[in-house]
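Participant: my questions are about this predicted structure, shown below with the sequence.
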Amino acid sequence: MNRVLSRAATAGLSWRVAGAMSVAVTITVTVLITAAPAFAENPLGNAEGADPGKSLGTVAALLLYVALPLLSLALIAAVVLLPGVRAHRYRPAKGWNASPVWFAGPPEPVAAVQAAELGDVVRGGASGGW
(Lines give C-alpha, C1' and ligand atoms only; values in the text may rest on other atoms or scores of the structure.)
Protein backbone atom coordinates (compact mmCIF):
# COMPACT_ATOMS: atom_id res chain seq x y z
CA MET A 1 0.00 0.00 0.00
CA ASN A 2 2.82 2.38 0.84
CA ARG A 3 4.47 1.68 -2.51
CA VAL A 4 1.30 2.66 -4.33
CA LEU A 5 1.05 5.92 -2.38
CA SER A 6 4.72 6.72 -2.86
CA ARG A 7 4.44 6.10 -6.63
CA ALA A 8 1.38 8.34 -6.81
CA ALA A 9 3.17 11.05 -4.86
CA THR A 10 6.24 10.70 -7.06
CA ALA A 11 4.11 10.84 -10.22
CA GLY A 12 2.39 14.00 -8.97
CA LEU A 13 5.75 15.51 -8.12
CA SER A 14 7.14 14.69 -11.54
CA TRP A 15 4.15 16.38 -13.19
CA ARG A 16 4.75 19.44 -11.04
CA VAL A 17 8.43 19.49 -11.95
CA ALA A 18 7.61 19.01 -15.63
CA GLY A 19 5.07 21.84 -15.48
CA ALA A 20 7.51 24.17 -13.75
CA MET A 21 10.23 23.31 -16.25
CA SER A 22 7.92 23.94 -19.20
CA VAL A 23 6.96 27.34 -17.77
CA ALA A 24 10.63 28.21 -17.20
CA VAL A 25 11.61 27.14 -20.71
CA THR A 26 8.70 29.03 -22.26
CA ILE A 27 9.60 32.24 -20.43
CA THR A 28 13.29 31.90 -21.30
CA VAL A 29 12.62 31.26 -24.99
CA THR A 30 10.13 34.14 -25.16
CA VAL A 31 12.61 36.57 -23.63
CA LEU A 32 15.42 35.44 -25.92
CA ILE A 33 13.27 35.61 -29.05
CA THR A 34 11.99 39.11 -28.27
CA ALA A 35 15.48 40.35 -27.36
CA ALA A 36 17.19 38.85 -30.43
CA PRO A 37 16.74 41.94 -32.68
CA ALA A 38 18.57 44.04 -30.11
CA PHE A 39 21.69 41.92 -30.57
CA ALA A 40 21.54 41.88 -34.37
CA GLU A 41 24.33 43.49 -36.35
CA ASN A 42 23.96 45.35 -39.61
CA PRO A 43 25.76 43.31 -42.30
CA LEU A 44 26.22 46.45 -44.41
CA GLY A 45 28.00 48.31 -41.66
CA ASN A 46 27.08 51.85 -40.64
CA ALA A 47 25.25 52.84 -43.80
CA GLU A 48 21.86 54.36 -44.57
CA GLY A 49 21.04 55.71 -41.16
CA ALA A 50 22.59 52.90 -39.16
CA ASP A 51 25.08 55.31 -37.59
CA PRO A 52 23.60 56.23 -34.22
CA GLY A 53 25.24 59.65 -34.21
CA LYS A 54 26.39 61.70 -31.26
CA SER A 55 24.85 60.71 -27.94
CA LEU A 56 23.03 63.04 -25.59
CA GLY A 57 24.90 64.42 -22.64
CA THR A 58 23.64 63.94 -19.10
CA VAL A 59 22.22 67.44 -18.83
CA ALA A 60 20.46 67.21 -22.20
CA ALA A 61 19.00 63.81 -21.30
CA LEU A 62 17.72 65.12 -17.97
CA LEU A 63 16.19 68.14 -19.68
CA LEU A 64 14.56 66.00 -22.34
CA TYR A 65 13.28 63.14 -20.19
CA VAL A 66 12.66 64.85 -16.83
CA ALA A 67 12.30 68.61 -17.15
CA LEU A 68 10.25 68.67 -20.36
CA PRO A 69 7.57 66.22 -19.09
CA LEU A 70 7.36 68.06 -15.75
CA LEU A 71 7.04 71.39 -17.55
CA SER A 72 4.32 69.95 -19.78
CA LEU A 73 2.48 68.60 -16.74
CA ALA A 74 2.72 71.96 -14.95
CA LEU A 75 1.49 73.82 -18.03
CA ILE A 76 -1.52 71.52 -18.46
CA ALA A 77 -2.32 71.76 -14.74
CA ALA A 78 -2.15 75.56 -14.91
CA VAL A 79 -4.44 75.70 -17.94
CA VAL A 80 -6.95 73.44 -16.23
CA LEU A 81 -6.87 74.75 -12.66
CA LEU A 82 -6.18 78.48 -12.85
CA PRO A 83 -9.46 79.61 -14.47
CA GLY A 84 -11.38 78.09 -11.55
CA VAL A 85 -9.38 79.94 -8.90
CA ARG A 86 -11.11 83.27 -9.50
CA ALA A 87 -14.45 81.93 -10.71
CA HIS A 88 -17.55 82.43 -8.61
CA ARG A 89 -18.76 79.28 -6.97
CA TYR A 90 -22.14 78.39 -5.60
CA ARG A 91 -22.00 78.17 -1.82
CA PRO A 92 -25.09 76.44 -0.38
CA ALA A 93 -25.14 78.53 2.78
CA LYS A 94 -24.87 81.90 0.99
CA GLY A 95 -27.65 81.67 -1.58
CA TRP A 96 -27.56 82.15 -5.33
CA ASN A 97 -26.25 85.49 -6.64
CA ALA A 98 -25.82 84.80 -10.37
CA SER A 99 -28.25 85.99 -13.02
CA PRO A 100 -30.60 83.32 -14.35
CA VAL A 101 -29.90 81.61 -17.68
CA TRP A 102 -32.61 79.93 -19.74
CA PHE A 103 -31.18 77.13 -21.86
CA ALA A 104 -33.08 75.97 -24.97
CA GLY A 105 -35.97 78.29 -24.25
CA PRO A 106 -37.75 80.69 -26.56
CA PRO A 107 -35.83 83.71 -27.88
CA GLU A 108 -37.97 86.09 -25.77
CA PRO A 109 -38.47 84.34 -22.41
CA VAL A 110 -40.34 87.21 -20.70
CA ALA A 111 -42.92 87.42 -23.49
CA ALA A 112 -43.30 83.62 -23.52
CA VAL A 113 -43.97 83.52 -19.78
CA GLN A 114 -46.49 86.37 -19.98
CA ALA A 115 -48.30 84.73 -22.93
CA ALA A 116 -48.49 81.34 -21.25
CA GLU A 117 -51.91 80.13 -20.13
CA LEU A 118 -52.89 77.72 -17.42
CA GLY A 119 -52.73 74.17 -18.76
CA ASP A 120 -49.99 74.88 -21.34
CA VAL A 121 -47.50 72.90 -19.28
CA VAL A 122 -46.91 69.39 -20.58
CA ARG A 123 -45.80 67.15 -17.82
CA GLY A 124 -43.18 64.43 -18.13
CA GLY A 125 -41.07 62.60 -15.66
CA ALA A 126 -40.76 59.00 -14.62
CA SER A 127 -44.37 58.21 -15.53
CA GLY A 128 -43.62 59.07 -19.17
CA GLY A 129 -46.82 61.04 -19.70
CA TRP A 130 -45.54 63.73 -22.04
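Facilitator: Sure, I can see it. Numbering: from 1, shown residues only.

Participant: so how far is L68 from S55?
Facilitator: As defined by Cβ to Cβ, to the nearest Å, S55 lies at a distance of 18 Å from L68. Backbone N, C-alpha and C define where each C-beta goes, glycine included.

Participant: same drill for those two, tell me which one is more crowded.
Facilitator: A count of neighbours by other Cβ atoms under 10 Å puts L68 above the other of S55 and L68, at 11 against 7.

Participant: please name the nearest non-neighbouring residue to P109.
Facilitator: W102 (4.9 Å; Cβ to Cβ, 6 or more residues apart in numbering).

Participant: find the least confident helix or strand in this protein, judged by mean pLDDT.
Facilitator: Sorting the helices and strands of the chain by mean pLDDT, DSSP states H and E puts helix 2-39 at the bottom, at a mean of 76.

Participant: model confidence score at the residue nearest to P109, please.
Facilitator: Among the per-residue scores, W102 holds a pLDDT of 73.

Participant: how far away is P37 from I27?
Facilitator: Separation of P37 from I27 (Cβ to Cβ) stands at 18 Å.

Participant: out of these two, which sits in the busier spot?
Facilitator: Set side by side, P37 and I27 show more neighbours around I27, with 10 against 7, by other Cβ under 10 Å.

Participant: separation between the more buried one and N97?
Facilitator: Taking Cβ to Cβ, one finds I27 at 65 Å from N97.

Participant: just to revisit the earlier point, burial count for the residue nearest to P109?
Facilitator: 10.

Participant: where does it sit: helix, strand or coil?
Facilitator: coil (DSSP: H, G, I helix; E, B strand; the rest coil).

Participant: sweet, I'm off.
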